[in-house]
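Peer 1: pasting a predicted model and its sequence here:
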Amino acid sequence: MLKKNDEIPLMIKSCTVQGSGVGNYDGLTVFVRGAVTGDRVIAHIIKVKKTYAVGIIKKITQKSPDRIKSICPISEKCGGCCFAQINYEAELKIKRQQVEDNFKRLAKIDTEIKSIIPSPETERYRNKAQYPISGNSDFAEIGFYAPMSHRIIDCSDCRLQPEDFKRIIDIFREWIRDYKIPLYNEQEHTGMLRHIYIRKGFVSNEIMVCAVSTDRNLPHTDELCKRLNDRIDNVKSVLLNINPDKTNVVLGKECVTLFGSDTISDELCGLKFEISPLSFYQVNHNAAEILYTKAKEYAGLTGKETLIDLYCGTGTIGLTMADSVKQLIGVEIIPQAIENAKRNAAANGISNAKFICADAGEAAKMLCSDGIEPDVIILDPPRKGCGKELLETVKKMSPERIVYVSCDSATLARDCGILSELGYQTREVTPVDMFPRTGNVEAVALITRN
Ligand code: SAH
């Protein structure tokens, strides 16, 4: 019987999407974080359960050909890039397999899972970062949480983020030290500055910097704005977000503009978009364009359609299709995002779109009882998916096609299962790698009425 602290030789046969190598010992599945398919390792067992065990790498006795040297000095501690030690081709295979497993094994749906479309970039592709802060003003820790914890791994230069972000974090470090800025203490719920949140428009180059504070009277913000402006090009907006709550949620509901504009803009698929700090915007610009192009292809538009875009954010997906439909209706729950969507339609000269600020389920019911008959519905919910009630309303509206964009293929597959009972069949699914080096996978599904 395997027990804690045993050291065992293990052949790694596969890899999970969380970046753990999987082997078998004595009939038990053993997960080893950071091990790669094809590695032979000596694993030190740290946990034994009934059906599985967990180990850490004690020694690699034979290296997998898929193993690479991580480009990041702290990737092992940080854990955000769970594929840092695996080459990109192998990562893509694991991600595609994850989507396939969720459909075929979990949801028992037999549909074609296409090849995964790679991200055009695997480094510095993100346009958004949220850095938690702790420690004291003489020695601030700014970085990312270690896996499954709230311990901050100090990091200025994450290789997934633009280089400007490092320079911005360095300015914060100096400002915090020079002005003894009170930092938030999560355990005690004391102090003020809790996160730094940065966004950059990849086409516009415009940068938004947001200090998240428990208190609206965060001191010396004038000096912060001045330093950011003097030293970083294109800082278009500096904001204070107020989050007084004892919560894991990063952003509070209120933002105050300290300098410049309330929003930044960017271009996506040839259209201009304005983005508020609280609005969702796809984090990988170039992969998002690929995703939206695929979604448009699946929508099969001819110019005559009524298109409903549920969970529309700032309107991006629907607006990139507006030139090929008769009318577009977008629905989104965040008021600032809907404001963005309306202005985005106007700024791009789009007059056949309207946007509703409401819960997607509620709005769908309302549109249905108003007798709206959509030809195509786009679904792009958060991780938890759409759920049965919304999908039943979707069925009542009887669209010919549903294009379902998802950042969690488990809930996507579950919802496709529900749709199949409602008379909608999943024709094919294309995974798109929006989040290289990390364990998240995006996918878009074409679902049609039987
Ligand atoms: N389609 C957009 C946004 C997708 S992210 C894009 O590609 O940019 C999912 C969006 O759903 C977010 O904007 C979030 O605010 C919104 N949302 C979350 N719960 C919702 C609900 N119950 N009803 C409507 N929108 C919701």
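Peer 2: Right, received. Where do you want to start?

Peer 1: now do stretch 362-382: distance from first to last residue.
Peer 2: End-to-end span of stretch 362-382 (CA to CA, to the nearest Å): 16 Å.

Peer 1: that one and the ligand, are they touching?
Peer 2: Yes - applying CB under 6 Å from any ligand atom, one finds stretch 362-382 touching the ligand at 380, 382. All C-beta atoms are positioned from the backbone trio N, CA, C, and that covers glycine.

Peer 1: what's the pLDDT at residue 148?
Peer 2: The model reports residue 148 with a pLDDT of 87.

Peer 1: helix, strand, or coil at it?
Peer 2: coil (DSSP: H, G, I helix; E, B strand; the rest coil).

Peer 1: give the buried residues for the helix or strand harbouring residue 338.
Peer 2: For residue 338, the host element (DSSP states H and E) is helix 335-347. By 16 or more other CB atoms under 10 Å, the buried positions in helix 335-347 come out as 336-345.

Peer 1: same check, this time on stretch 366-386
Peer 2: Quick answer for stretch 366-386 (16+ other CB under 10 Å): 367-368, 374-381, 385-386.

Peer 1: considering the residues you listed, which is situated nearest to residue 274?
Peer 2: Of all the buried residues of stretch 366-386, residue 380 has the smallest distance to residue 274: 19.1 Å, by CB to CB.

Peer 1: so the closest one touches residue 317, yeah?
Peer 2: Yes - shown here, residue 380 and residue 317 form a contact pair, counting by CB atoms under 8 Å, at 6.3 Å.

Peer 1: okay, and the common contacts of those two?
Peer 2: Residues touching both residue 380 and residue 317 (CB atoms under 8 Å, 6 or more residues apart in numbering): 309, 405.

Peer 1: what ranges do the helices span in this structure?
Peer 2: 75-78, 88-101, 163-179, 221-231, 285-299, 316-319, 335-347, 360-369, 388-397, 409-421 (DSSP state H).

Peer 1: make CSV out of those and add mean pLDDT and distance to residue 307.
Peer 2: Shown next, in CSV, are those (pLDDT from 0 to 100; distance: least, CB to CB, whole Å):
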stretch, mean pLDDT, distance to residue 307
helix 75-78, 92, 41
helix 88-101, 97, 25
helix 163-179, 98, 36
helix 221-231, 98, 40
helix 285-299, 98, 7
helix 316-319, 98, 6
helix 335-347, 97, 13
helix 360-369, 98, 12
helix 388-397, 98, 12
helix 409-421, 98, 18
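
Peer 1: quick one, which of those helices is packed in tightest?
Peer 2: Mean neighbour count, computed with mean count of other CB atoms under 10 Å, is highest for helix 316-319 among those, reaching a mean of 28.

Peer 1: any residue of it touching the ligand?
Peer 2: Yes - applying CB under 6 Å from any ligand atom, one finds helix 316-319 touching the ligand at 316-317.

Peer 1: show me what that helix is packed against.
Peer 2: With contacts defined as 3 or more CB pairs under 8 Å, 6 or more residues apart in numbering; DSSP states H and E, the packing partners of helix 316-319 are strand 271-275, helix 285-299, strand 306-310, strand 327-332, helix 335-347.

Peer 1: before we move on, back to that, now find how far off-centre the helix holding residue 338 is within its chain.
Peer 2: 21 Å (CA atoms, centre = their mean, to the nearest Å).

Peer 1: which elements pack onto that helix?
Peer 2: strand 271-275, helix 316-319, strand 327-332, strand 353-357.

Peer 1: just name the most buried of these.
Peer 2: Of all the helices and strands packed on helix 335-347, helix 316-319 has the most neighbours on average by mean count of other CB under 10 Å, namely a mean of 28.

Peer 1: send the alpha carbons of it over as PDB?
Peer 2: What follows is helix 316-319, C-alpha atoms only, in PDB (Å, rounded to 0.1, in the frame of the first residue of the first chain):
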ATOM      1  CA  THR A 316     -17.900  42.900 -29.300                       C
ATOM      2  CA  ILE A 317     -19.100  39.600 -30.800                       C
ATOM      3  CA  GLY A 318     -22.500  40.900 -32.100                       C
ATOM      4  CA  LEU A 319     -21.100  44.100 -33.400                       C
END
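
Peer 1: can you list contacts of that helix?
Peer 2: 268, 271, 273, 281-282, 288, 292, 295, 307, 309, 312, 328, 330, 341, 344-345, 348, 350, 353, 378, 380, 405.

Peer 1: pull up the residues of the stretch 351-450 of the chain that are close to the ligand.
Peer 2: Counting by CB under 6 Å from any ligand atom, the stretch 351-450 of the chain sits next to the ligand at 359-360, 380, 382.

Peer 1: residue of the stretch 251-400 of the chain closest to the ligand, please.
Peer 2: Closest residue of the stretch 251-400 of the chain to the ligand, CB to the nearest ligand atom: residue 313 (2.9 Å).

Peer 1: that residue contacts residue 278, doesn't it?
Peer 2: No - in this structure, residue 313 is not within contact of residue 278 by CB under 8 Å, at 10.8 Å.

Peer 1: okay, and the common contacts of the two?
Peer 2: Residues touching both residue 313 and residue 278 comprise 334, 337, with contact defined as CB under 8 Å, 6+ apart.

Peer 1: of the two, who's got more company?
Peer 2: Set side by side, residue 313 and residue 278 show more neighbours around residue 313, with 23 against 17, by other CB atoms under 10 Å.

Peer 1: re earlier: just send the helices of the chain back as a markdown table, with distance to residue 42 too.
Peer 2: Shown next, in a markdown table, are the helices of the chain (distance: least, CB to CB, whole Å):
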| stretch | distance to residue 42 |
| --- | --- |
| helix 75-78 | 17 |
| helix 88-101 | 22 |
| helix 163-179 | 37 |
| helix 221-231 | 49 |
| helix 285-299 | 38 |
| helix 316-319 | 48 |
| helix 335-347 | 51 |
| helix 360-369 | 50 |
| helix 388-397 | 47 |
| helix 409-421 | 33 |
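
Peer 1: nearest to residue 30, of those?
Peer 2: So among the helices of the chain, helix 88-101 is nearest, using CB to CB, at 17.5 Å.

Peer 1: for the closest one, name the packing helices and strands.
Peer 2: Helices and strands touching helix 88-101, by 3+ CB pairs under 8 Å, 6+ apart, are strand 14-15, strand 112-113, strand 424-432.

Peer 1: between strand 424-432 and that helix, find me the angle.
Peer 2: 170 degrees (axes from the mean of the first three to the mean of the last three CA atoms, to 10 degrees).

Peer 1: CA atoms of helix 88-101 as CSV?
Peer 2: Output of helix 88-101 as CSV, limited to C-alpha atoms (Å, rounded to 0.1, in the frame of the first residue of the first chain):
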residue,chain,number,x,y,z
TYR,A,88,3.6,24.5,-27.0
GLU,A,89,2.6,21.6,-29.4
ALA,A,90,2.2,19.2,-26.4
GLU,A,91,0.2,21.8,-24.5
LEU,A,92,-2.2,22.2,-27.4
LYS,A,93,-2.7,18.5,-27.6
ILE,A,94,-3.5,18.3,-23.9
LYS,A,95,-6.0,21.1,-24.3
ARG,A,96,-7.8,19.7,-27.3
GLN,A,97,-8.0,16.3,-25.5
GLN,A,98,-9.6,18.0,-22.5
VAL,A,99,-12.4,19.4,-24.7
GLU,A,100,-12.8,16.0,-26.3
ASP,A,101,-13.0,14.2,-22.9
